[in-house]
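J.: here's a sequence, model it:
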Amino acid sequence: MYLEIKELEARVGTFKLGPVSFSIEKGDVLAILGPSGSGKSTLLRAICGLIPSTGSVILNGVDMSHFQPHLRRMAMMFQEYALFPHMNTFKNISFPLTVKKVKKDEIDGKVKKRAREIDGGLEESLSFMPKNLPEGLKQATAFARETVREFDILMLDEPFSRLDAYQKQFVRADLKKNLLNLGKTYILVVSDVLDALAISNRMMIMIDGKVVQDDLSMNVYQHPKTLDVAILTSPLGLNVVRDLFGAPSGKILAFRPDAIFESESGTEFEIISIDPINAKYSLFHLKNGNVEIMAYLKNNSKKVGERLRVDLNHDKSWTY
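T.: Have a look, this model is predicted:
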């Protein structure tokens, strides 16, 4: 294994992280997903050595647990970007090289090369101050600063949290391209499962400071081990029912809205509200007695108050 985390524990105030154990291969992109306060960012800081911890952080066979942060060959891109407001883009990117007293000509070449590789207008913005940069270029500047120097693992803490939905679709694509171009190993903290699925090949779910599931990203999405994981990985919400659609006695049946389909032989529901998603599909809120569910269905001129019959694709459901 390229990175091995063994029984890692840390405390921040009253919060306790761990023990956390996991490993990733070289070239993996691991996305860490969890609710607010689950310890995702704390875990990154503990791995980098930015907060005191116990346990082992083994990188490429070397135990880094007692190394100072700057000796661990790990780069960290913070959620708030942490750009120096009094420095232009060039100086922000070159800062790690300047601190190491790299020669001026070498710094100039490395910064311009990295800006050119990242593209997206960064090369043309090297003279701009951070306050004059859009969010996407601020992130690109922070990314360039952390990757212009030598590193083995890059950690990104909530790289999309400062972006609106429109900005994110472009920035996420650019970031994925840049990650692939560098060909390194990455750990990202994200709050949206769609970000994890778009960028990562591995996904780890954290709740209350502990890892509850760790697998290939699509495996986690398609086979959530617990109800909490199912909720976290369902961007359109999760339906939870009893005594409906053949739910086993004493158990709950959980499924996402896209597991529901219209069927003449299905259960009858009343449409109580409709939330358009795109030109073809809407999120329908349906009611049968005291049971309410959400269904991702084609619009087909349906109206609130109408009734329709739906059934469940049991291959897309889980029993807990």
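
J.: alpha carbons only for contacts and neighbour counts from here, please
T.: Will do.

J.: output the lowest mean pLDDT helix or strand found in this structure.
T.: Each helix and strand of the chain was given a mean pLDDT (mean pLDDT, DSSP states H and E); the minimum falls on helix 165-182 at a mean of 82.

J.: helices or strands up against that one?
T.: Under the contact criterion of 3 or more CA pairs under 8 Å, 6 or more residues apart in numbering; DSSP states H and E, helix 165-182 touches helix 104-118, helix 193-199.

J.: can you name the element that comes right after the shortest one?
T.: Looking back up the chat, that one is helix 193-199. As assigned by DSSP states H and E, the chain's next helix or strand after helix 193-199 is strand 202-207.

J.: cool, and the longest one?
T.: Going down the chain from helix 104-118, the next helix or strand is helix 135-147, by DSSP H and E.

J.: what's the local residue count around Ala279?
T.: A total of 8 residues lie near Ala279 under the criterion other CA atoms under 10 Å.

J.: residue contacts, the residue positioned nearest the centre of the chain?
T.: Centroid-nearest residue in the chain, with CA atoms, centre = their mean: Val190, separated by 2.6 Å. Contact partners of Val190, counting by CA atoms under 8 Å, 6 or more residues apart in numbering, are Ala31, Ile32, Leu33, Gly34, Asp157, Glu158, Pro159, Phe160, Ala196.

J.: make JSON lines out of the residues you listed and add secondary structure, pLDDT and neighbour count.
T.: Output for the contacts of Val190, formatted as JSON lines (DSSP: H, G, I helix; E, B strand; the rest coil; pLDDT from 0 to 100; neighbours: other CA atoms under 10 Å):
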{"residue": "Ala31", "secondary structure": "strand", "pLDDT": "97", "neighbour count": "28"}
{"residue": "Ile32", "secondary structure": "strand", "pLDDT": "98", "neighbour count": "28"}
{"residue": "Leu33", "secondary structure": "strand", "pLDDT": "97", "neighbour count": "27"}
{"residue": "Gly34", "secondary structure": "coil", "pLDDT": "96", "neighbour count": "26"}
{"residue": "Asp157", "secondary structure": "strand", "pLDDT": "94", "neighbour count": "22"}
{"residue": "Glu158", "secondary structure": "coil", "pLDDT": "92", "neighbour count": "21"}
{"residue": "Pro159", "secondary structure": "coil", "pLDDT": "89", "neighbour count": "25"}
{"residue": "Phe160", "secondary structure": "coil", "pLDDT": "86", "neighbour count": "24"}
{"residue": "Ala196", "secondary structure": "helix", "pLDDT": "95", "neighbour count": "25"}
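
J.: now the phi/psi pair for the residue nearest to His314 when sequence neighbours are not counted, please.
T.: Nearest non-adjacent residue to His314, counting by CA to CA, 6 or more residues apart in numbering: Ala259, 7.6 Å away. When quoted as degrees, to the nearest 10, the phi and psi of Ala259 stand at phi -90, psi -10.
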